[in-house]
Structures are given as structure tokens and as C-alpha cells.
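> Quick one, fold the following:
(chains A and B)
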Amino acid sequence: MKLAPGMMRILALAFALLAAGCASFPKTEHLAAYDESKGYRYERLDKTGNQDDLFIILTFSGGGTRAAALSYGVLEALRDSTVEIDGKPRNLLDEVDVISSVSGGSFTAAYYALHGNEIFEEGGRFQKDFLYHDVEADLFYKLLNPYNWARLASPEFGRIDLASELYQELLFGDATFHDLEARGRKPFVMLNATDMVKGAQFTFTQSQFDPLCADLGRFSIARAVAASSDFPLAFSPLAVNSYPGTCGYVEPGWVAPALRDLSANPRRYYRARMLRTYEERDRHFVHLLDGGVADNIGLRGPLTSIRSGDVDWSVLNKVNNEEIRKLVVIVVDARNEAKPEFDESPRAPGTFTVVNAIATTPLDNYSFDSIELLQDTFRRRDDAQRRQPDLHQVQLYRIYVGFDQITNDAEREAFLSIKTAFVLPRAQVDALRRQGAELLLQSECFQKLVHPPAGDKARGCP
Amino acid sequence: MDEYVKVTFPTRRQVWVDGKPAGVTNKKFQVETGNHVFDLGPKKNYKPEKQERTVQGTMPEEPMIIAFERVDHQ
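Down below sits the predicted model:
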């Protein structure tokens, strides 16, 4: 029997849709054998030309293109700044050790970690295909494609998987964490998402993947960035496969003692408990949301590293081992303050407005707490050092870049009212880049770092 | 909270806390509040082999003192 050409086309289309309906997210590869000397870890990066004596941590907040552009401006200012150490000028951007990022800030962080100074190319890929590009329109067109409707009908393929494919096409190509490892140089990038269980931070590093017995090396950068910017409701949660108990994983030495810390240090106790959940044999998947749900400025991971020896890249241990002389934390916070319209009317705000308020308002409060905790941590350390000269003396620099610091009222209001979206007018992106650079350069603490006042050897600006 | 310890030993050497190099002997250093296991690393010429302590309520001026003795193997 011979089928008519029209019938053939219909059958082919039906077959394609059927196949699309069986779509699934890309499987996370299994880690055959746990080995803490392999994988994407801070200690495995080459320190030639960027030693730990001047230790710089950047944190990039969420906030869509607004956050990406503001952090981009900060990178540009660092590229153009030098600091003198032992009589030798050192470029500040080359000295960045760690970038911890969330959501919109993760695009800038991941691209810089992967491509270095290529990110600054005028009209280059990052600017053309992301910073000045209408990413939302591309996402919308993908959603309009009937082939993708069939894929989205599958319970194992969601809108976030479609977004991840788009970020791969636009920006990151087939790059995986193996490519970051192969690059072998700092900064160590920490792309943060949120584990839906307990709302804990989930960071794309091999030490996070170890208890899952999952191989981060073969995980796509685009997918990690998608998880970090997986805004609840707009996108579906992103799934990572887990194979607990199948790779000979040995939990870190701090976990067993920390599990006895419920009374002495509950924060540490719950950190240990959370790690243990990844070792549960019946946990086959980890579902992730936007990193902003756990911490919208990306500061919590670095804070833990500064306060605790439990983290594999512990800054506290580096200070104790006298490896760090200057510790600099630059928080880039693109927090906005969109004026709500619902208070102009007696009508109750709609469901989306309520959900949005629930999703974002507590995050801003938590971000404020994180910044205060950093200030408190630095001041107590500085105070202890002054009282006890036999403690290792480290100079502490705490720098905050945020719109609240703009002194001109109208200008501040203008920046605070920029919406959260993955498309902004060119002029606004330009202004954000300039503002990021200016706010950094205007920071008194930053000026103290690049031009240390005479006689001020021990303090910095905690 | 921040806690302070001083691990004593006749010579200067690396102190390991919870399995990681985290300070040096005879010099104060900071640890996080809670239970920690202290030892002096893989060269086992000291005793006790390790010490688990709850480090809490210390001050920079009054660190917890954790003493190790040298053992000369024959």
C-alpha cells in the first residue's frame, strides 16, 4: 500500500510530536568514584599569578539584566584598577579569587569565569546576545513553537529546560564544568541555586555534587545558570539526578561533630543535617529553584567560608594558616524598589501580585541580614586582632555596591525603579554599567584598598 | 560565634581541625563554635592521637588550651 504524500507528512508530524512528548531533561552523569582531588574545586585551580595573600570575593545578586549589567560594570572598573602589593602593581580583576552569584548575576559570573576578558569585547557575544539582547522575546518564541508544546506536555521536561537550551544557544554553547576545570584559573565561580527541600542553598561545585555521586564536570554551564535564575512560577523547577551511596563517598570530617551541635551552634548542626539529606538512598533527584530563594545576593556561601572551617575553600582556615593578608568582599546588590500600584486602590492585589510579594519581600530582608552579618563578622575579627596582636593580622575590606548609595535623589529613584526582566533598553544597560563602575570607585573602602593611607597597615575598613 | 583556641606542642607545626589544616601550634586561632576534633596531622609523634572538644564561650584573651605531647618512637 502506498501512502499519499499528505498522509506521509501528517504521520511524520505525528511521530515527531509523539517523540517530543517523551522529552526529558538532560540526565546528570553518574560519578563512578568519589575523589576529592578531582573535579571543579577551589583548591584545584592554578594560583600562579593570583595567590591567596590578597583574597578577593565578589558576590553578584539576582535581578535579571539589571543585575547582570550592574555586575558587568563592576568587573569593568576592577579591570581598570590596580593595587600595589609589596611594591608591585597588581591588576584587581586578575586578583579576584571567588565569584558567588545568583540568578541574573550568574550570567555575568559564569561567562567571565569561562571566557575571561573576552566578556568585555565591544559588540562581542556577551553584549550582543545577552546584555543588550531581548532574551525574553527568544523565550517567548520558543514557547510558541508547537514542537515545544509537545515537549512541555512531558512531565519530565519543563519551561526551565527550554530556557536552559536557549542560554546554551545564545551564550554558553556546549561548555561544561570540565571546561572551567580545563581553564584552570581563578576566579572560582559559585553559581547558586536553591534546593526545594528546606530552601537550602545549592551551589554548582563538585563538593556539592559529591554526596549525590553526580559528576559536575559533565554538567552544562547553561543548565547551572538556568537553575540559578529559575524564578518560581515563571519557570518549572530544574531537576538534577542523584545516585547516593554508589561512588564510595566519604563525608567530610566536620559532619559527625557538627551533628552534636544542636545546642552549641544550631546553624552548623542544620548545615550537617542538610548535607546528610543528599546521602539518603531514596533521594534520586534534587529539584532546584532560583538561587535568590535561599539568598538573593550570593553572600551566604562566602560568609560561611569566612566564619567556618567546614567549607572546602574555607577562608577562615586560610587566615589561620596565615595565607591571607588582605581579605576583600565586594557585594554587588542590584536590589530594586518597584513602587507598588496596589496601594492606590482599595481592591485586593491579585494572586500573582501576592505570590510575587511572598517570593521577593522576605529575600530583601534576608539580604539585609546577610550584609549585617558580614559587617558584624569583620568588626569582631578586627576587634579581636587589635586586642590580641598574636592573632594573625588580616586587613579586612567590606565594600557594598547598591543603588541606595546613589546620593542624588532623582537618580537613585530612577535606578531603584528599574524592573526585573531579561530585556532592558540599551540606554538603561549603559547607565547600569556606568553606575556599577562609579559606585565601586566612589566607595571609600575601595579607595582605601587601592590607595592605602600611610600608617594604616593593620586595619582596612571592616 | 567566633571562638579561639591555642594548641600547644613543643615545636611549631600544623594543627588539623575536623580533618583539615586549620592553624598552627602555639599560636591562637579562630574556630567556629561547636564540637571539633583536633590533631597534629599524619606524622604521629604526638599524643593523644586526637582530641574532641566542645569549643564554646572562649574569648581572644582566654582561648581554650588544647595540649599535645611529643612522643619519641624508638
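
> and A:Ser263, that's in a strand?
No: assigned with DSSP: H, G, I helix; E, B strand; the rest coil, A:Ser263 falls outside any strand and is coil.

> how many neighbours does it have?
10 (other C-beta atoms under 10 Å in any protein chain shown). In this view, the C-beta of every residue, glycine as well, is placed from N, C-alpha and C.

> pLDDT score for it?
With respect to pLDDT, A:Ser263 scores 96.

> how near is it to chain B?
A:Ser263 sits 9 Å away from chain B, going by C-beta to the nearest C-beta, to the nearest Å.

> The residue of chain B found nearest chain A: neighbour count?
At 2.8 Å from chain A, B:Gly19 is the closest residue in chain B, using C-beta to the nearest C-beta. Neighbourhood size, B:Gly19 [other C-beta under 10 Å]: 15.

> continuing past the helix or strand harbouring A:Thr304, what's the next helix or strand?
If you go by DSSP states H and E, A:Thr304 is part of helix A:300-307. Next helix or strand after helix A:300-307 toward the C-terminus (DSSP H and E): helix A:315-320.

> Tell me which residues of that following helix come out buried.
A:Val315, A:Leu316, A:Asn317, A:Lys318, A:Val319, A:Asn320 (16 or more other C-beta atoms under 10 Å in any protein chain shown).

> Could you find the closest non-adjacent residue to A:Val429?
A:Ala69 (4.8 Å; C-beta to C-beta, 6 or more residues apart in numbering or on different chains).

> contacting residues for the one you found?
Neighbouring residues of A:Ala69 by C-beta atoms under 8 Å, 6 or more residues apart in numbering or on different chains: A:Leu131, A:Leu424, A:Gln428, A:Val429, A:Leu432, A:Arg433, A:Gly436.

> How about the secondary structure of the spatially closest residue to A:Ala200 that is not a sequence neighbour?
Excluding its sequence neighbours, the residue lying closest to A:Ala200 (C-beta to C-beta, 6+ apart) is A:Met274, at 4.9 Å. At A:Met274 the chain is in helix, as set by three-state DSSP.

> C-terminal to the helix or strand harbouring A:Ala359, what's the next element?
Here A:Ala359 sits within helix A:351-387, counting by DSSP H and E. Downstream of helix A:351-387, the next assigned helix or strand under DSSP H and E is strand A:395-402.

> tell me what that following strand is packed against?
strand A:326-333, helix A:351-387, helix A:426-442, helix A:444-450, strand A:460-461 (3 or more C-beta pairs under 8 Å, 6 or more residues apart in numbering or on different chains; DSSP states H and E).

> Tell me the predicted confidence for A:Ile85.
83.

> For it, which non-adjacent residue is spatially closest?
A:Leu54 (5.9 Å).

> pretty sure the one you found contacts A:Lys326?
Yes: using C-beta atoms under 8 Å, A:Leu54 and A:Lys326 qualify as a contacting pair, with a distance of 4.8 Å.

> and the two? which has more neighbours close in?
Neighbour totals were compared for A:Leu54 and A:Lys326, and A:Leu54 leads with 21 against 18 (other C-beta under 10 Å).

> Tell me how far the more buried one lies from chain B.
A:Leu54 is 20 Å from chain B, where distance means C-beta to the nearest C-beta.

> check contacts around A:Asp97.
Listed by C-beta under 8 Å, 6+ apart, the contact partners of A:Asp97 are A:Tyr42, A:Asn50, A:Asp52, A:Phe55, A:Ile56, A:Ile57, A:Lys186, A:Pro187, A:Phe188.

> Need the pLDDT of A:Ala338.
pLDDT, read off for A:Ala338, is 73.

> so for stretch A:177-184, what's the average pLDDT?
Mean pLDDT, computed over stretch A:177-184, is 94.

> sorry, that was for stretch A:307-316
96.

> Just the buried residues of stretch A:183-197, please?
Neighbour counts using 16+ other C-beta under 10 Å place A:Lys186, A:Pro187, A:Phe188, A:Val189, A:Met190, A:Leu191, A:Asn192, A:Ala193, A:Thr194, A:Asp195 of stretch A:183-197 among the buried residues.

> How about stretch B:60-73?
B:Pro60, B:Pro63, B:Met64, B:Ile66, B:Phe68.

> Now narrow the buried residues of helix A:315-320 to whatever sits close to chain B.
A:Leu316, A:Asn317, A:Val319, A:Asn320 (C-beta under 8 Å from any C-beta of the partner chain).

> I'd say the third one and A:Val394 touch.
Yes: with contact taken as C-beta under 8 Å, A:Val319 and A:Val394 are classed as touching, separated by 5.3 Å.

> who touches both of these two?
A:Leu327.

> In this structure the residue of chain B closest to chain A contacts A:Glu251, no?
No: applying C-beta under 8 Å as the test, B:Gly19 and A:Glu251 come out as separate, 10.3 Å apart.

> What residue, apart from its backbone neighbours, is nearest whichever residue of the stretch 201-350 of chain A sits closest to chain B spatially?
Per C-beta to the nearest C-beta, A:Gly253 is where the stretch 201-350 of chain A lies closest to chain B, at 2.8 Å. Closest residue in space to A:Gly253, ignoring its immediate chain neighbours: B:Gly19 at 2.8 Å, by C-beta to C-beta, 6+ apart.

> Can you name the residues that contact that neighbour?
A:Pro252, A:Gly253, A:Trp254, B:Val37.

> A:Glu344 now?
So A:Glu344 contacts nothing (C-beta under 8 Å, 6+ apart).

> same question, A:Phe172
With C-beta under 8 Å, 6+ apart, A:Phe172 has these contacts: A:Ala110, A:Tyr111, A:Leu114, A:Ser220, A:Ile221, A:Ala222, A:Val225.

> does A:Asp312 really touch A:Tyr40, like I thought?
No: look at A:Asp312 against A:Tyr40 with C-beta under 8 Å: they stay out of range, at 11.1 Å.

> neighbour-wise, which of the two wins?
A count of neighbours by other C-beta under 10 Å puts A:Tyr40 above the other of A:Asp312 and A:Tyr40, at 23 against 17.
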